[in-house]
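A.B. asks: Sequence and predicted model, in that order:
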Amino acid sequence: MPKTRLAASAAVLALAAGGAALAQTAEPPPPVSEQLKDPKAADVTVMGSILEPAQLAPTPERLDRLSLPEGFEISVFAENLVNPRMIAVADDGTLYVSRREVGDLLMLRDTDGDGRADRQQTVASRPDLHGVALDGDTVYIITVTDIYRTTRREDGTLEPLGEPIVDDLPTAGQHPNRTLAVGPDGMLYVSVGSTCNACNEPDPRNATMMQVAPDGSTSSIFASGLRNTIGFGFEPATGELWGMDHGIDWLGDNEQHEELNHIVKGNKYGWPYVYDDGRFNPQDDPPAGITMEEWAAESTAPVGMYVPHSAPMQMAFYTGDAFPEAYRGDAFVAMRGSWNRRPPSGYEVVRIDFEDGKPVGFEPFVTGFLMEDAESPSGWGHLGRLAGLAQGPDGALYLSDDKNGVIYRIAHEGEGASGGAAGLTPTNGEGAQVGTGGQDTATAPSPGEAALAMAILEARGGPIDVTSPAFAEGQPIPDAHAAEHENASPPLDWAEGPEGTQSYAILVEDPDVAKEPPFVHWLIWNIPADVTDLREGIPGTPALPLPEGARQGANDQGSTGWFGMRPPLGDPAHPYHFQVFALDTRLDLPAGAGRAELLGAMQGHVLAAGEVVGTYARQAPAQ
């Protein structure tokens with residue numbers, strides 16, 4: 001495959017996946033950088049595009065069209081995963097993948113060594129969970145604002161997350177997908193993207209690479225001016241940090257390039273005022289008193305530049321011995337693909353050739369995910385939006401597609417068939433649950449305290465058993481589920497509804513805050529009839545990908561989804577009624593509906609109902 005060599009100072013563009021997919025289609029107008037001779041004269045014409053290739057199913061026939069270097073093959077490791085994003089692989093071959101839209105971390109294991117996952121289990125849950133990093137048996141997980149540290153068990157499951165070691169990362173905007181890695185120095189390196197396309201960030205921690213102590217006790221800005229460096233890693237021979245940064249949108253189809261940066265402590269990398277190799281962004285001015293020229297002089301130019309809008313995601317340096325020796329020490333990057341370029345770019349895996357610890361060229365490694373499609377309105381289709389990329393101990397690369405819900409395994413035909421996963425053995429059950437406890441289903445709340453009284457009176461199938469792995473009946477609910485702590489919804493389990501059950505609905509209320517009606521903490525309905533449990537940390541989105549078809553309503557705090565316990569300071573413990581209703585229908589109710597609408601829609605359709613009650617008292621902060 002063709003390779004583009006990098007210049008010694010700033011790299012030239014690598015048009016990596018040859019052919020029509022990356023061909024230039026229109027010259028006028030000239031690039032912004034050519035029009036903008038004077039940085040004060042920001043009168044430019046921009047040619048931009050919105051072109052989203054249609055999503056295509058990865059059928060065997062289409063996958064056969066994927067192109068890899070000779071001797072390599074790609075196969076499906078796991079599928080039907082909904083939204084697999086960032087990947088980390090343990091030394092025993094256990095693969096962990098985040099699912100941002102689902103809000104969990106999924107464990108995948110190939111216990112028989114056939115190259116396909118045969119066991120999967122959710123091992124952690126938090127809304128907006130995205131980045132994951134392993135350091136031996138220590139696991140770091142990051143959401144938008146929080147970093148958690150936990151430990152792997154022998155069966156691959158994780159100890160409970162507990163309190164985050166960091167809980168004050170900047171809130172998100174345009175780039176909420178935090179990633180992290182453990183450096184050779186044992187410190188955590190955390191990518192915090194910008195809140196915008198190009199703007200003066202009020203929080204200096206946005207658009208940076210941060211350095212965080214492994215216990216969360218200290219943190220600092222390591223490097224700045226990085227718009228969104230999701231993919232980064234440490235070159236194995238030198239330990240130096242390299243990352244691929246997303247370029248600014250709306251400067252044109254062919255600007256700004258995706259940047260390969262050598263990320264050095266204290267350096268600035270240009271964003272949002274200077275891009276590529278010292279070009280000026282006409283949309284924004286530096287802070288008062290600083291000229292564009294001064295900002296450029298203080299900024300570090302990229303070492304390499306790639307096709308604009310390709311959207312680089314996770315990066316992995318290859319340290320295995322299953323690939324030919326020429327690949328060892330090289331970096332691989334998953335290119336998610338453009339939505340704003342004509343023709344589209346990305347939708348591929350790119351190899352960055354490193355020699356003596358320095359990058360010397362880009363070249364395509366896996367192409368063919370992007371194709372012309374006459375039936376699509378745009379004329380283009382894709383087999384996936386690529387996201388995660390990590391190396392396993394078997395020497396294979398694992399690649400995620402978060403649109404079709406697939407993880408691929410990329411291997412060299414010369415490696416052993418079993419790889420590093422052959423030693424895994426299945427474990428019994430789905431992992432331990434803490435504090436499951438029982439409940440007395442004969443006791444219902446008195447009228448006016450909760451909606452369950454009405455439901456039980458009309459239910460045709462009697463009560464159903466409801467429990468929570470997080471707390472026993474009548475016992476305290478852990479702080480992790482409170483509003484001022486982690487605000488994660490508690491896990492729930494319930495018995496299967498009677499014959500005719502078509503869906504379940506859940507209503508969580510605190511009658512001690514407001515008697516008529518009670519204070520609503522959670523509304524969720526259209527949970528499929530074959531689902532009888534909810535994990536903790538359900539995201540606060542109106543529609544949920546899992547359980548498929550479920551909808552969430554407005555709580556009394558004014559948000560959608562779960563709002564944690566927050567009784568007044570000094571109050572005795574409040575009771576929280578977690579009520580589950582088995583319904584003989586799916587509800588024709590829009591997401592975001594309130595308590596009254598839900599109760600009205602359920603009227604006459606409740607087959608069975610039950611509840612578990614937990615308590616919570618808010619503690620005053622320590623003085």
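C.D. replies: Sure thing, it's come through.

A.B. asks: How about Leu161, nearest residue that isn't a chain neighbour?
C.D. replies: Tyr148 (4.5 Å; C-beta to C-beta, 6 or more residues apart in numbering). Heads up, the C-betas are built off the backbone N, CA and C, glycines and all.

A.B. asks: and the one you found, what element?
C.D. replies: Taking DSSP states H and E as the definition, one finds Tyr148 inside strand 147-151.

A.B. asks: other SSEs contacting the following helix or strand past that strand?
C.D. replies: Counting by DSSP H and E, the next helix or strand C-terminal to strand 147-151 is strand 179-182. Packing partners of strand 179-182 (3 or more C-beta pairs under 8 Å, 6 or more residues apart in numbering; DSSP states H and E): strand 131-135, strand 138-142, strand 188-192, strand 231-234.

A.B. asks: try 7 Å this time
C.D. replies: strand 131-135, strand 188-192 (3 or more C-beta pairs under 7 Å, 6 or more residues apart in numbering; DSSP states H and E).

A.B. asks: Pro53 and Gly252: what is the separation?
C.D. replies: Between Pro53 and Gly252 the computed distance is 19 Å (C-beta to C-beta, to the nearest Å).

A.B. asks: How about Gly553?
C.D. replies: In terms of C-beta to C-beta, Gly553 sits 43 Å off from Gly252.

A.B. asks: just Gly243 next, same as before
C.D. replies: For Gly243, the distance to Gly252 - C-beta to C-beta - is 24 Å.

A.B. asks: So Leu241 is in contact with Leu260, correct?
C.D. replies: No - counting by C-beta atoms under 7 Å, Leu241 stays clear of Leu260, with 11.8 Å between them.

A.B. asks: When the two are compared, which one has more neighbours?
C.D. replies: Taking other C-beta atoms under 10 Å, Leu241 and Leu260 do not tie; Leu260 has more neighbours (26 against 23).

A.B. asks: need the contact list for that one.
C.D. replies: By C-beta atoms under 7 Å, 6 or more residues apart in numbering, the residues touching Leu260 are 11, 242, 244, 302-304, 306, 352, 359.

A.B. asks: again, only this time at 10 Å
C.D. replies: 6, 11, 14, 231, 242-245, 302-306, 312, 315, 331, 333, 350, 352, 359, 362 (C-beta atoms under 10 Å, 6 or more residues apart in numbering).

A.B. asks: Look at the spatially closest residue to it that is not a sequence neighbour and say how many residues are nearby.
C.D. replies: Distance criterion C-beta to C-beta, 6+ apart; nearest residue to Leu260, sequence neighbours excluded, is Gly304 at 3.6 Å. Burial of Gly304 is recorded as 26 neighbouring residues (other C-beta under 10 Å).

A.B. asks: Then the one 10 residues further on?
C.D. replies: A count of nearby residues for Gln314, using other C-beta under 10 Å, gives 27.

A.B. asks: Surely it is in contact with Ile87?
C.D. replies: Yes - with contact defined as C-beta atoms under 10 Å, Gln314 and Ile87 form a contacting pair (6.7 Å).

A.B. asks: Identify the contacts common to these two.
C.D. replies: 334, 387-390, 399-400.

A.B. asks: Closest one of these to Gly320?
C.D. replies: Here the nearest of the shared contacts of Gln314 and Ile87 to Gly320, counting by C-beta to C-beta, is Ala390; it sits at 11.3 Å.

A.B. asks: Using CSV, write out the CA atom coordinates for whichever strand or helix holds the closest one.
C.D. replies: According to DSSP H and E, Ala390 maps onto strand 386-391. The C-alpha coordinates for strand 386-391 follow below in CSV (Å, rounded to 0.1, in the frame of the first residue of the first chain):
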residue,chain,number,x,y,z
LEU,A,386,-15.0,3.2,13.8
ALA,A,387,-14.2,4.1,17.4
GLY,A,388,-12.1,1.9,19.6
LEU,A,389,-8.8,0.2,18.8
ALA,A,390,-6.6,-1.8,21.1
GLN,A,391,-4.1,-4.6,21.1
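
A.B. asks: What residues sit buried inside it?
C.D. replies: Neighbour-count burial for strand 386-391 flags 386-391 (criterion: 16 or more other C-beta atoms under 10 Å).

A.B. asks: Just name the closest of those to Leu134, please.
C.D. replies: Ala390 (9.6 Å).

A.B. asks: surely the closest one meets Ser98?
C.D. replies: No - contact criterion C-beta under 10 Å: Ala390 and Ser98 do not qualify, at 11.5 Å.

A.B. asks: how about the residue nearest to His485 when sequence neighbours are not counted, what does it touch?
C.D. replies: In this structure, His485 finds its nearest non-sequential neighbour in Asp479, 4.5 Å apart by C-beta to C-beta, 6+ apart. By C-beta under 10 Å, 6+ apart, the residues touching Asp479 are 162-163, 485-486, 564-565, 616, 618-619.

A.B. asks: What's the separation between Asp479 and Arg149?
C.D. replies: 17 Å.

A.B. asks: go on, Pro202?
C.D. replies: 29 Å.

A.B. asks: can you give me the helices for this structure?
C.D. replies: Ranges of helices in the chain, per DSSP state H, are 32-35, 60-63, 292-297, 452-458, 595-602.

A.B. asks: Which one of these has the poorest average confidence?
C.D. replies: Lowest mean pLDDT within those: helix 452-458, at a mean of 51.

A.B. asks: got a list of what the residue nearest to Leu161 touches?
C.D. replies: So Tyr148 contacts 105, 124, 126, 129, 132, 139-142, 158, 160-167, 216, 486 (C-beta under 10 Å, 6+ apart).

A.B. asks: Write down the beta-bridge partners of it, one by one.
C.D. replies: Bridge pairing for Tyr148 (DSSP bridges) gives the partners Ile141.

A.B. asks: Check what pLDDT it gets.
C.D. replies: 98.

A.B. asks: count of residues packed around Ser345?
C.D. replies: 26.

A.B. asks: shouldn't it be in contact with Pro364?
C.D. replies: No - using C-beta under 10 Å, Ser345 makes no contact with Pro364, being 11.7 Å away.

A.B. asks: wait, doesn't Ala620 sit right on Gly570?
C.D. replies: Yes - at 7.7 Å, Ala620 and Gly570 qualify as touching, with contact defined as C-beta under 10 Å.

A.B. asks: that older thread, which of the buried residues of strand 386-391 lies closest to Asp493?
C.D. replies: Of all the buried residues of strand 386-391, Asp493 sits closest to Gly388, with 30.2 Å by C-beta to C-beta.

A.B. asks: Quick check: that closest one touching Ala88?
C.D. replies: Yes - with contact defined as C-beta under 10 Å, Gly388 reaches Ala88; the gap is 8.8 Å.

A.B. asks: Overlap in contacts, those two.
C.D. replies: Joint contacts of Gly388 and Ala88 (C-beta under 10 Å, 6+ apart) are 95-98, 132, 314, 398.

A.B. asks: So which of those wins on neighbours?
C.D. replies: For the shared contacts of Gly388 and Ala88, counting by other C-beta under 10 Å, the largest number of neighbours falls to Ser98: 31 neighbours.
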